[in-house]
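Colleague: no sequence on this one, just coordinates:
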Ligand code: MRU
């Protein structure tokens, strides 16, 4: 088992010439790694959500491309092959900005080093992917430090999906803030939405927080409004998959409903995300590509079908929270607050 000091299992890492991906579909029941030696295996792991969460997907994308080049025997058709590796990864999932951000970073390293020997190029690309991983962990920790003061003793903090160590290189964004506050000896409790249909909250967030000894209670997604109406939620912190130039934020489906409820009940609603999640090329949330996954994933819970035969199901994996419902965006450089457009322009 691969652990960092005092930390949970690593979601992704290099082992010799392979990329090891923790199969999150099996958590919390089983800790099993997928050994990927080909770019196609990494793309498949992203697509079928063995690895998920925007920053983790970005790291996997970078490692996948590096893996593709690793497998080359000569420089014949190098540029075409490299573009193809990037394309294979780009086709895996559309919403997380971090995936495309990581590909752009790998492309820059490729362009700057493509005249070097193949062995040197392989080394540079592998190193860049590893740097993306290490930087992500450091950035998460800075997000944690920036945001930990939002959590006061005795609070109940609601989070959605899993924006934790599993969704990143390690540590987490929304859960990074929660971790940092706990490490600072602030005592509070967490409510985790179960997050149907993949159950990131019930399976992953609860698992991570349990390991840290942070009190966590799982609720079905439709319970959040009732708790807010009763004054039982003090603060909401979620992650992000893509943030537009005006601050509109795509995150796990159900985030928008939480933000509307939070506004109704005057509960502060924070997004936690690194700069690599911002997409300054798109003006607002309408332009964010929202992934639609197979309705089968809704129709079945595990192997059990829960709808009658012949019934259709819709599965949008993300929704967009309009910026006016967001209290602040916690980044590695500080908390952005309204007017977001200006803050994003100045800082990101
Ligand atoms: O479909 P997923 O599990 O990849 O969705 C993940 C989320 O929506 C997270 O909240 C987001 O990626 C932020 S992770 C730090």
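Modeller: That came through, no problem. Keep in mind the model is a prediction, meaning the values are calculated, not measured.

Colleague: how near is whichever residue of the stretch 201-348 of the chain sits closest to the ligand to residue 201?
Modeller: Nearest to the ligand in the stretch 201-348 of the chain, going by Cβ to the nearest ligand atom, is residue 239, at a distance of 2.7 Å. Yep, even glycine has a C-beta here, placed from its N, CA and C like the rest. Distance, residue 239 to residue 201, by Cβ to Cβ, to the nearest Å: 12 Å.

Colleague: what's the overlap in contacts for those two?
Modeller: Residues touching both residue 239 and residue 201 by Cβ atoms under 8 Å, 6 or more residues apart in numbering: residue 161.

Colleague: quick one, which of the two is more surrounded?
Modeller: Counted by other Cβ atoms under 10 Å, residue 239 and residue 201 do not tie: residue 239 has more neighbours, with 30 against 26.

Colleague: look up phi and psi at that one.
Modeller: Dihedral angles of residue 239 (phi, psi; degrees, to the nearest 10) stand at phi -90, psi -170.

Colleague: residue 251: how many residues sit nearby?
Modeller: As a burial measure, residue 251 scores 28 neighbours (other Cβ under 10 Å).

Colleague: ok, whichever strand or helix holds it near the ligand or not?
Modeller: Element membership for residue 251 (DSSP states H and E) is strand 249-252. Yes. Judged by Cβ under 6 Å from any ligand atom, strand 249-252 and the ligand are in contact via 251-252.

Colleague: other SSEs contacting the helix or strand following that strand?
Modeller: Using DSSP H and E, the helix or strand that follows strand 249-252 in sequence is helix 255-264. With contacts defined as 3 or more Cβ pairs under 8 Å, 6 or more residues apart in numbering; DSSP states H and E, the packing partners of helix 255-264 are helix 224-229, strand 235-238, strand 269-272, strand 318-321.

Colleague: any bit of helix 255-264 sitting next to the ligand?
Modeller: No. Helix 255-264 stays clear of the ligand (Cβ under 6 Å from any ligand atom), getting no nearer than 7.4 Å.

Colleague: so which residues make contact with that helix?
Modeller: The contact list for helix 255-264 (Cβ under 8 Å, 6+ apart) reads 158, 160-161, 193, 224-225, 228, 233, 236, 238, 249, 267-269, 318-322, 325-326.

Colleague: in it, what's buried?
Modeller: Using 16 or more other Cβ atoms under 10 Å as the test for burial, helix 255-264 gives 255-259, 261-262.

Colleague: now for residue 58, how many residues are close by?
Modeller: Neighbours around residue 58, by other Cβ under 10 Å: 29.

Colleague: for it, list the residues it contacts.
Modeller: By Cβ under 8 Å, 6+ apart, residue 58 lies in contact with 96, 98-99, 101-102, 132, 136, 276.

Colleague: re the thing from before, would you show me how to pick out the buried ones of the contacts of helix 255-264 in PyMOL?
Modeller: Restricted to buried positions by 16+ other Cβ under 10 Å, the PyMOL selection for the contacts of helix 255-264 reads:
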select buried, resi 158+160+161+193+224+225+228+233+236+238+249+267+269+318+319+320+321+322+325+326
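
Colleague: got the helices and strands packed on helix 255-264 as JSON lines, with mean pLDDT columns?
Modeller: Shown next, in JSON lines, are the helices and strands packed on helix 255-264 (pLDDT from 0 to 100):
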{"stretch": "helix 224-229", "mean pLDDT": "98"}
{"stretch": "strand 235-238", "mean pLDDT": "99"}
{"stretch": "strand 269-272", "mean pLDDT": "99"}
{"stretch": "strand 318-321", "mean pLDDT": "98"}
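
Colleague: among the ones you listed, which is nearest residue 126?
Modeller: Closest to residue 126 of these, according to Cβ to Cβ: strand 269-272, at 29.1 Å.
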